[in-house]
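# any chance you could fold what I've pasted below:
(one chain, ligands or ions: 1)
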Amino acid sequence: MEDPWQKAYDFAVAVARKAGAEIRKAGESEIRVMTKSSTVDLVTKTDERVEKIIISSLKEEFGEDAHCFIGEESVAKGEPCVLSDKPTWIIDPVDGTTNFKTKKNFSFELLKDDLFKLSFVEFGVVYSCLEDKMYKARKGKGAFCDDEPIQVSDMKDINKSIIISEHGTDRSPEKVTKIFSTMQKILCIPVHGLRGSGTAATNMCLVATGAVEAFFEIGIHCWDIAAGVIIVKEAGGILLDVDGGPFDLMSRRMVSANNELIAKRIIKEIEIFPVGRDDAP
Ligand code: LIP
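The predicted model follows:
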């Protein structure tokens, strides 16, 4: 039987490479940053330009109206952020714009595209273009870094685990207090280490490759994590809400982990604070 999504998956990988080359080139010149929802929520002309390149490439390949798009920079400019029953690409042109601006981190450029079909992730692609590593996964077909299969860690002991989290872009003192209190409690479980790469997409790929046991964050957006969701799942990991309930892509809260034991142990320590949903009217 013909596999309808293989062509889209292969095309997503090709578009990711093309966009990655654009981002690499942009990184060679001075990068001017602008701000969005807060003074620490950064965007550059490269984010906007690369998102346009990705969307126009996809429209050219599949037709103007065949698919829907949720792109970080389009949503920032007022486009809707809702999932319908139409196949929808969820795009973050540069995940970790703060890293991109400082040109320091191994994850300074990232690109991810993913396709939702009737709200189920069909496949995901995360391109770490500075390291030239292509992470990808298709539903039921496994997760890969370049062409090597990847798998989550088999660690069951929280005391020997490495956990990742991020601080997000909301600096209201009561939220920051909760973030730090959670980090302190997790460190004191104790765990082997607490890390943060500066990009949710990379963090999820680190879970998928078994480099760390878990990544959690409150305040992320669907475009930060959608590709990572399928990559983690296909690598054998799990996704949960920060309260232990089922994961919801639009809720802006997520725990991704190698197994349920590790996820649930972290969840015990997470101090939840309210964030508005991505698809809130
Ligand atoms: C960023 C994430 C980061 C998270 C920030 C932000 P951006 O993505 O990847 O992990 O803490 O809230 O969303 O905005 O640089 O694409």
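# so which residues on this protein come close to the ligand?
Applying CB under 6 Å from any ligand atom, we find that the chain lies next to the ligand at 72, 92, 95-97, 166, 168-169, 199-200, 217, 219-221, 224. All C-beta spots, glycine's among them, are computed from the backbone N, C-alpha and C.
# make it 8 Å
Residues of the chain lying close to the ligand by CB under 8 Å from any ligand atom are 41-43, 47, 72, 92, 94-100, 166-169, 196-203, 217, 219-221, 223-224.
# any figure for the gap between K264 and A143?
Distance, K264 to A143, by CB to CB, to the nearest Å: 23 Å.
# what does A235 give?
Distance, A235 to A143, by CB to CB: 4 Å.
# any shared contact partners between those two?
Taking CB atoms under 8 Å, 6 or more residues apart in numbering as the contact rule, A235 and A143 both touch 137, 150-151, 208.
# for these, work out which two are farthest apart.
Pairwise distances across the shared contacts of A235 and A143 peak at 11.5 Å for A137 and Q151 (criterion: CB to CB).
# report the closest residue of the stretch 101-250 of the chain relative to the ligand.
The minimum distance from the stretch 101-250 of the chain to the ligand, using CB to the nearest ligand atom, falls at E166 (3.2 Å).
# tally of neighbours for A200?
32 (other CB atoms under 10 Å).
# for the closest residue to it other than its chain neighbours, helix, strand, or coil?
The shortest distance from A200 to any non-neighbouring residue, by CB to CB, 6 or more residues apart in numbering, is to D224 (3.9 Å). At D224, secondary structure determined by DSSP: H, G, I helix; E, B strand; the rest coil is helix.
# who has more neighbours out of K264 and A143?
Each of K264 and A143 has its neighbours counted (other CB under 10 Å); A143 has more, 25 against 15.
# go ahead and confirm that one touches G237.
No: between A143 and G237 there is no contact, the gap being 9.1 Å when judged by CB atoms under 8 Å.
# now for these two: what residues contact both?
What both A143 and G237 touch, as defined by CB under 8 Å, 6+ apart, is the set A208.
# returning to that earlier point: overlap in contacts, A137 and Q151.
Counting by CB under 8 Å, 6+ apart, the residues touching both A137 and Q151 are 143, 208, 235.
# over to the second one. Which of the three states is it?
To tie it back to what came earlier, the one meant is A208. helix.
# ok, and the most crowded of the shared contacts of A235 and A143?
Most surrounded of the shared contacts of A235 and A143: other CB under 10 Å gives A208, at 31 neighbours.
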